[in-house]
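Undergrad: generate coordinates for the sequence data below:
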Amino acid sequence: MITPLIHRVLTREDLARLVAEIGRLDQGEARAAEEAVQAGEVDAVLDSEAALDAVRGRGGAPAAVPLTLLWYVPVRAALRARGVGDVDLADYAATLPVVFATWRAVRTVAHGETGLDVWSRYVASLPDGTVAQAEGAADVAALALWWAGVFPERVTRRAAGEGTLRAYVTFATQALTLAARILGPSEPLSPFWTRAADQAEAVQRALAEARRDYLGRDVHSPESRLQRFLGRLN
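TA: Reported below is the predicted structural model:
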């Protein structure tokens, strides 16, 4: 089952690379970041404007940091800008593109296909009210948010426009709610799935915002980078 993993897999080396990238822009900020890391205040560094600027490359190429940080730092910033301060939720949102970038088992869930009908049939095929169905629902919810957040143009192009994105988010909300209900209040993940269901739209929007730095037509051209940089200044 896909759960928040960014904080669990972060290493000292990963953080050192982030501090080094911050240092390319501001040595003073890098020293402050290093002190915070040494004091165990990792989230303070990950949430800082200096980290966000460094990861984005100030309109240039994305920073030479691990994929986990390339996604987590801007996704976290996008959620905070929307008033969503849940660290676990940001971790979960950033986990989706990191996992699906390398997870071959995505094809096992949907048999090489994508779409709400396929995922609905998959969940319905599992024994009602079982942990297997809860885990299946949580995973297809993750798939729906991944597609709607990271590839929104593809989702709308394949179906009926912007309404399809809302349908994907609604599906994810319902699937996460089902997972939480089946697992029950005694399961540690249930409260998180409930929070994720409540903020599914914010997760989708944060992913869509973050992926503009990495995916899309001519996204790494000088003109595109300059436009993104100027847009953020405004």
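
Undergrad: shaky segments in this structure?
TA: 58-61, 102-114, 158-162, 215-234 (pLDDT under 70).

Undergrad: mind doing that once more with 80?
TA: Along the chain, the model assigns pLDDT under 80 to residues 57-63, 101-115, 157-163, 213-234.

Undergrad: got the domain ranges for it?
TA: 1-84, 104-212 (automatic domain parsing).

Undergrad: how about the ones you listed in TSV, adding distance to residue 98 and mean neighbour count?
TA: Heads up, the C-betas are built off the backbone N, CA and C, glycines and all. TSV is the format used below for the domains of the chain (distance: least, C-beta to C-beta, whole Å; neighbours: other C-beta atoms under 10 Å):
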stretch	distance to residue 98	mean neighbour count
domain 1-84	5	18
domain 104-212	10	18
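
Undergrad: longest helix anywhere in this structure?
TA: helix 162-183 (DSSP state H).

Undergrad: got the angle for whatever helix or strand comes next after it vs helix 162-183?
TA: Of the helices and strands lying after helix 162-183 in sequence (DSSP states H and E), the nearest is helix 190-198. In terms of direction (axes from the mean of the first three to the mean of the last three C-alpha atoms, to 10 degrees), helix 190-198 departs from helix 162-183 by 170 degrees.

Undergrad: helices or strands up against the helix or strand just after helix 190-198?
TA: Per DSSP H and E, the first helix or strand lying C-terminal to helix 190-198 is helix 200-211. Judged by 3 or more C-beta pairs under 8 Å, 6 or more residues apart in numbering; DSSP states H and E, helix 200-211 is in contact with helix 67-81, helix 87-100, helix 131-150, helix 162-183.

Undergrad: try 10 Å this time
TA: Counting contacts by 3 or more C-beta pairs under 10 Å, 6 or more residues apart in numbering; DSSP states H and E, helix 200-211 is packed against helix 67-81, helix 87-100, helix 131-150, helix 152-158, helix 162-183, helix 190-198.
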